[in-house]
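S.K.: sharing a sequence plus its predicted fold:
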Amino acid sequence: EPEVTQTPSHQVTQMGQEVILRCVPISNHLYFYWYRQILGQKVEFLVSFYNNEISEKSEIFDDQFSVERPDGSNFTLKIRSTKLEDSAMYFCASSETPRGQRYTFGSGTRLTVV
Amino acid sequence: RKEVEQDPGPFNVPEGATVAFNCTYSNSASQSFFWYRQDCRKEPKLLMSVYSSGNEDGRFTAQLNRASQYISLLIRDSKLSDSATYLCVAAQGQNYGGATNKLIFGTGTLLAVQP
């Protein structure tokens, strides 16, 4: 079964540093997403991406965040200057259609900001 | 008010029991609904879609009531392997062009099936 691949599985970074989280969506999928889950809390939508541009972003997705699809296969989430409260599990997802039925989530990157 | 609200549990049930989870949503613009399962520190995985007509997948039955904005999941003959957090999810999005559906998750209901 096709998978969404995320790297690294765990990243520890110092406050104020930039991090890039990487995702390889399923190859024929056109819609890409980032979600995050702070420990013990619910999964929250960050951003959706289609046709090389952001379709929608949440209030969480402020100027510190950016997304990019640099080479047609990777989909990255960059956090420019990490804060302690950015510590969370970050899930990438992709879908073949814009509808929710066809989401596939990656296994996540656990980001720890110290 | 939370957009998708669930009882966090935990629900501790013996093997073989029937257990029911409920969920309410506040945004009537939500277009479609799902139950996801999440194991500890893992990604959410789609369990099943939820329809007004009700749908069944093996031991799992889901139901949507749009009038009361209420969603349910029934698990019959619980197995140890059913132990997980069950996430109620609503999809919202625009219906044009390349617009995407974002998923709005509830906080989840923890199920622990005991031997």
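M.R.: Happy to help now that I have it.
S.K.: all strands of chain B, in order?
M.R.: B:4-6, B:11-14, B:19-25, B:32-38, B:45-50, B:55-57, B:60-65, B:70-75, B:84-93, B:101-105, B:109-114 (DSSP state E).
S.K.: who does the first one touch, helix- and strand-wise?
M.R.: When contacts are defined as 3 or more C-beta pairs under 8 Å, 6 or more residues apart in numbering or on different chains; DSSP states H and E, strand B:4-6 packs onto strand B:19-25, strand B:84-93. (Each C-beta comes from the backbone N, C-alpha and C, glycine too.)
S.K.: again, 10 Å this time
M.R.: Applying 3 or more C-beta pairs under 10 Å, 6 or more residues apart in numbering or on different chains; DSSP states H and E, we find strand B:4-6 packed against strand B:19-25, strand B:70-75, strand B:84-93, strand B:101-105.
S.K.: for those, which one sits closest to chain A?
M.R.: In terms of C-beta to the nearest C-beta, the element of these nearest to chain A is strand B:84-93, at 3.3 Å.
S.K.: and that closest one, how far from the chain's centre?
M.R.: Relative to its chain's centre, strand B:84-93 lies at 5 Å (C-alpha atoms, centre = their mean, to the nearest Å).
S.K.: who does it pair up with?
M.R.: Neighbouring strands of strand B:84-93 in its sheet, by DSSP bridges, are strand B:32-38 (antiparallel), strand B:101-105 (antiparallel), strand B:109-114 (antiparallel).
S.K.: what residues sit buried inside stretch B:39-58?
M.R.: B:43-44, B:46-50 (16 or more other C-beta atoms under 10 Å in any protein chain shown).
S.K.: oh sorry, the question was meant for stretch B:20-28
M.R.: B:21, B:23-25.
S.K.: okay if I get those as TSV plus pLDDT and distance to chain A?
M.R.: What follows is these, written out as TSV (pLDDT from 0 to 100; distance: C-beta to the nearest C-beta, whole Å):
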residue	pLDDT	distance to chain A
B:21	96	15
B:23	96	12
B:24	96	15
B:25	94	13
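S.K.: list the contacts of residue 57.
M.R.: Picking chain A for this. Counting by C-beta atoms under 10 Å, 6 or more residues apart in numbering or on different chains, residue A:57 touches A:34, A:45-49, A:65, A:67, B:102.
S.K.: wrong chain, I was asking about chain B
M.R.: B:35, B:47-49.
S.K.: flag the least confident of these.
M.R.: Within the set of the contacts of residue B:57, pLDDT is lowest for residue B:49 (91).
S.K.: residue A:94 versus that one, what's the distance?
M.R.: Computed as C-beta to C-beta, to the nearest Å, the residue B:49 to residue A:94 distance reads 18 Å.
S.K.: middle-most residue in chain A, spatially?
M.R.: Nearest to the geometric centre of chain A sits residue A:34, at 3.2 Å (C-alpha atoms, centre = their mean).
S.K.: what sits opposite it in the beta ladder?
M.R.: Under the criterion used here (DSSP bridges), residue A:34 is bridged to residue A:47, residue A:92.
S.K.: do I have it right that it meets residue A:49?
M.R.: Yes - judged on C-beta atoms under 10 Å, residue A:34 makes contact with residue A:49 at a distance of 8.2 Å.
S.K.: where does chain A dip in pLDDT?
M.R.: A:99-101 (pLDDT under 70).
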